[in-house]
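Asks: A structural model of the following input is requested.
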Amino acid sequence: MSKKRRNFSAQFKLETVLEGLRGEKSVAQICRERDITESLYYKWRDAFMERAADIFADQRGPQRDEQAERIAELERLAGKQALEIEILKKAGSLLESMRERNGR
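Replies: Next up, the predicted model:
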């Protein structure tokens, strides 16, 4: 007869890992109380520790990416406008020289 696989909620896993990290009870005691194996606890703990740093690292990441994109877009716009101004200046000077030649 096969065992039915149990599904644990993320909240249950978090509470279990945090209880173990606090150190108020032994891991063996926590596992007995929650009816899980120690290997499962350590698997959850390792996953938690591996991903915990990402919580703080990602806080500014997307915002900085958006700011960098915005800055790049504004720089492209400023470059385009500078080019247009330069073209208009040259066109204006050409028109001025043509007027002078025509005597107007």
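Asks: and the longest helix along the chain, how far from the chain's centre?
Replies: Counting residues, the longest helix in the chain under DSSP state H turns out to be helix 61-102. Computed by C-alpha atoms, centre = their mean, to the nearest Å, the chain-centroid distance of helix 61-102 equals 33 Å.
Asks: next one: stretch 44-54
Replies: Using C-alpha atoms, centre = their mean, the offset of stretch 44-54 from its chain centre is 17 Å.
Asks: got the buried residues for that stretch?
Replies: W44, R45, F48 (16 or more other C-beta atoms under 10 Å). Heads up, the C-betas are built off the backbone N, CA and C, glycines and all.
Asks: So which of the residues you listed sit within helices?
Replies: Those of the buried residues of stretch 44-54 mapping onto helices are W44, R45, F48, per DSSP H.
Asks: dump the residue contacts of the second one.
Replies: Read that as R45. V17, G20, L21 (C-beta atoms under 8 Å, 6 or more residues apart in numbering).
Asks: Which among these count as buried?
Replies: Looks like the contacts of R45 have V17, G20 buried, using 16+ other C-beta under 10 Å.
Asks: quick check, nearest of the contacts of R45 to I85?
Replies: When the contacts of R45 are ranked by distance to I85 (C-beta to C-beta), V17 comes first, at 60.7 Å.
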